[in-house]
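Colleague: My questions concern the predicted model and sequence given below.
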Amino acid sequence: MAEQISAYKSKPQEQAEKTGKLTGSLQTDMAYLNGILDADANFDIIYRVIEVGGKEACMYLVDGFCKDDMAQKLLQYFMDMKPEDMPNDMHGLSKRFTPYVEVDIEAQCDTLVHSLLSGMFFLLVDGYDKALVLDTRTYPARGVEEPEKDKVLRGSKDGFVETVVSNTALIRRRIRSADLHMEMMSAGNSSHTDIVLCYMKGRVDNDFLQEIKRKIQDIQVDALSMNQESLAECLYQRKWYNPFPKFKYTERPDAAAAQVLEGNIVILVDNSPSAMILPTTIFDVVEEADDYYFPPVTGTYLRMTRFLISLLTYLLTPTFLLLVSNSKWIPESFAFIMLKEEPNIPVIWQFLILELAIDGLKLAAINTPNMLSTPLSVMAALVLGEFSVKSGWFSSEVMLYMAFVAIANYTQANYELGYALKFLRILDLLLTQWFGLWGYLAGILIAVLAIGCNKTVSHHSYIYPLIPFDWKNLKNRLIRRRLPGAFKGQKK
């Protein structure tokens, strides 16, 4: 007899495990969900049994994700409900008796678990085979201060944060159009990381949009542990050895909104304070917000200066090494660039050591506490500057050119582009040392091919509108022109 009773009691539990849906029996559903969540072992998963309208009920929430004051008010409201006010189904409770905006109904247990771990609050009521889900979540987040990396002299001073809902609101604030779509997706078998696709309907390339959606849906990884970098490596897996960036990242909502209006796709990943822009060409990478916050003449000057300095950071040291090895090619008027003293260490080794030392200084600056950064910077400048030249390790000319390269790298904000130029510069240095003029020219050819043979995520040319040639678009890329528009009644 006892075995028959035990078998009878296990049927709802077996039904829940088989179908993955709520059964309507509160005790059975609680036992099934508590087994999945291990709620008694996890201190931050809170469940509380209450009485709602004369029926036994249970609320679930994650401590730290739920707004305490809102959860308290909802809890008080539900507990004050009278039996005669209780509707017959969860739809009636949702529509007529729940004083909240973001309300949903769900019967699938795995969806409820995902919603709970995302920070939502849900309520089970005995006799109801659906749960009431309320989006009362709030995440710990910092303020929307201006990002350290993407500062501008003019323009807005807000920036993206690690909460994806706040980031979408910053873009919505700038584009008040019904054509702006923000689609939520997720990736990661364990992390279930939220991914938001932002685009303008009617302006975006629909074929490319569907391709990106399909790729995100097909991602099979345990977690996006590196946020956007993990997503980028999943979206673009070919030609990984090409160092030039395939994506553009920005922490500025105004820059992201401008890219959306141009028909590009902006991808926001939860827990990441930056937006991923695609497709991206080399001209997109070198653009900055300051180009547009100044008048056209000033914006054009800043843009051309950035192009020229980026070119100099690549060519300066290999050209100097070539001329040092072939001093007869140097005109008399430029004889001052020659080494004043015979170097103790070959020039090529000086350049390679300093390339490594500059990266070492960057890493040290990142890990140095703020209170020690100033004195250590002074010490590093003295030791690596004056003393390294006097000791005979480095020539003063080599130190000068490498100092220019190190500082000039910061004229453009894209970190990946800086390292792409660095890797190709080192390759050109080695080829110039080994093969002279032909090696120097081969290094330049490799750099041109690395840019020209690269493809965007949308499989188009990386150097469009240069190839294929489009003079109108190329002119807009090189020259900052006035924004199109006119007053009412004025001919455009």
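Modeller: The structure has been received and is ready for your questions.
Colleague: Now do the contacts for the residue lying closest to Q220 once chain neighbours are set aside.
Modeller: Of all residues not flanking Q220 in the chain, N189 sits nearest, at 7.4 Å (C-beta to C-beta, 6 or more residues apart in numbering). C-beta coordinates here come from the backbone N, C-alpha and C atoms, glycine included. Applying C-beta atoms under 8 Å, 6 or more residues apart in numbering to N189 gives the contacts Q220, V221, D222, A223.
Colleague: could you list every residue that touches the last one?
Modeller: By that I understand A223. G188, N189, S190, S191, T193, S230.
Colleague: residues near the residue nearest to it when sequence neighbours are not counted, how many?
Modeller: Nearest non-adjacent residue to A223, counting by C-beta to C-beta, 6+ apart: S191, 3.6 Å away. S191: 17 surrounding residues under other C-beta atoms under 10 Å.
Colleague: Ok, I105 next?
Modeller: Neighbourhood size, I105 [other C-beta under 10 Å]: 16.
Colleague: pretty sure it is touching D129, no?
Modeller: No. Look at I105 against D129 with C-beta atoms under 8 Å: they stay out of range, at 10.4 Å.
Colleague: returning to what we had before: what remains of the contacts of N189 if I keep only buried residues?
Modeller: Buried members of these, scored by 16 or more other C-beta atoms under 10 Å, are V221.
Colleague: Distance check, L427 against E397.
Modeller: With distances taken as C-beta to C-beta, to the nearest Å, L427 is found 22 Å from E397.
Colleague: Need the pLDDT of E386.
Modeller: Looking at E386, its pLDDT reads 67.
Colleague: Sorry, wrong one. I was asking about S377.
Modeller: 65.
Colleague: do the one 5 residues further on as well
Modeller: According to the per-residue confidence, L382 scores 61 in pLDDT.
Colleague: One more: Y249?
Modeller: pLDDT, Y249: 91.
Colleague: isn't the residue nearest to A223 right up against D222?
Modeller: Yes. S191 is in contact with D222 according to C-beta under 8 Å; the separation is 7.4 Å.
Colleague: residues contacting the nearest residue to G439 once chain neighbours are set aside?
Modeller: Counting by C-beta to C-beta, 6+ apart, the nearest residue to G439 once its immediate chain neighbours are dropped is L431, at 3.4 Å. Contact analysis of L431 by C-beta under 8 Å, 6+ apart lists G439, Y440, A442, G443.
Colleague: Got a quick ChimeraX command for the buried subset of these?
Modeller: Typed into ChimeraX, the line below selects the buried ones among the contacts of L431, using 16+ other C-beta under 10 Å:
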select :439,440,442,443
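Colleague: residue contacts, P318?
Modeller: When contacts are counted by C-beta under 8 Å, 6+ apart, P318 is found next to R425, D428, L429, T432, Y440, G443.
Colleague: show me where the stretch 101-250 of the chain has strands.
Modeller: Residue ranges of the strands in the stretch 101-250 of the chain, as given by DSSP state E, counting those that start in this stretch, are 103-106, 121-125, 131-134, 180-187, 193-200, 248-250.
Colleague: Is it possible to get JSON lines of those that adds distance to Y77?
Modeller: Shown next, in JSON lines, are the strands of the stretch 101-250 of the chain (distance: least, C-beta to C-beta, whole Å):
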{"stretch": "strand 103-106", "distance to Y77": "13"}
{"stretch": "strand 121-125", "distance to Y77": "11"}
{"stretch": "strand 131-134", "distance to Y77": "11"}
{"stretch": "strand 180-187", "distance to Y77": "28"}
{"stretch": "strand 193-200", "distance to Y77": "29"}
{"stretch": "strand 248-250", "distance to Y77": "43"}
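Colleague: For the nearest residue in space to Y440 that is not next to it in sequence, give me the backbone phi and psi.
Modeller: For Y440, ignoring the flanking residues on the chain, the nearest one in space by C-beta to C-beta, 6+ apart is T432 at 4.4 Å. Dihedral pair for T432: phi -70, psi -40, per degrees, to the nearest 10.
Colleague: 587 is where my numbering starts, stick with that
Modeller: Sure thing, new numbering starts at 587, so read that last one as T1018.
Colleague: Now do the same for T1018: its pLDDT.
Modeller: With respect to pLDDT, T1018 has a value of 94.
Colleague: now the helices: where do they sit in the stretch 587-736 of the chain?
Modeller: Assigned by DSSP state H, counting those that start in this stretch, the helices in the stretch 587-736 of the chain fall at 588-605, 612-623, 654-665, 676-682, 695-703.
Colleague: ok, back up a step: could you single out the nearest of the contacts of N775 to D744?
Modeller: A809 (29.1 Å; C-beta to C-beta).
Colleague: what's the distance between that closest one and S816?
Modeller: Distance, A809 to S816, using C-beta to C-beta: 8 Å.
Colleague: swap in A999?
Modeller: Taken as C-beta to C-beta, the span from A999 to S816 is 22 Å.
Colleague: Equivalent analysis for C784, please.
Modeller: Per C-beta to C-beta, C784 is found 19 Å from S816.
Colleague: Among the two, which residue is more densely surrounded?
Modeller: A direct count of neighbours by other C-beta under 10 Å for C784 and S816 places C784 higher, at 25 against 20.
Colleague: what about the residue nearest to the more buried one when sequence neighbours are not counted, which helix or strand?
Modeller: If the residues on either side of it in the chain are set aside, C784 comes closest to V852, at 4.2 Å by C-beta to C-beta, 6+ apart. Here V852, judged by DSSP states H and E, is contained in strand 851-855.
Colleague: Just checking: what are the partner strands of that strand?
Modeller: Taking DSSP bridges as the criterion, strand 851-855 pairs within the sheet with strand 779-786 (antiparallel), strand 861-864 (antiparallel).
Colleague: Spit out the contact partners of A1006.
Modeller: Taking C-beta under 8 Å, 6+ apart, we find A1006 in contact with P829, F830, P831, A1036.
Colleague: Need the nearest residue in space to the last one, chain neighbours excluded.
Modeller: Meaning A1036. Nearest residue to A1036, sequence neighbours excluded (C-beta to C-beta, 6+ apart): N828, at 5.8 Å.
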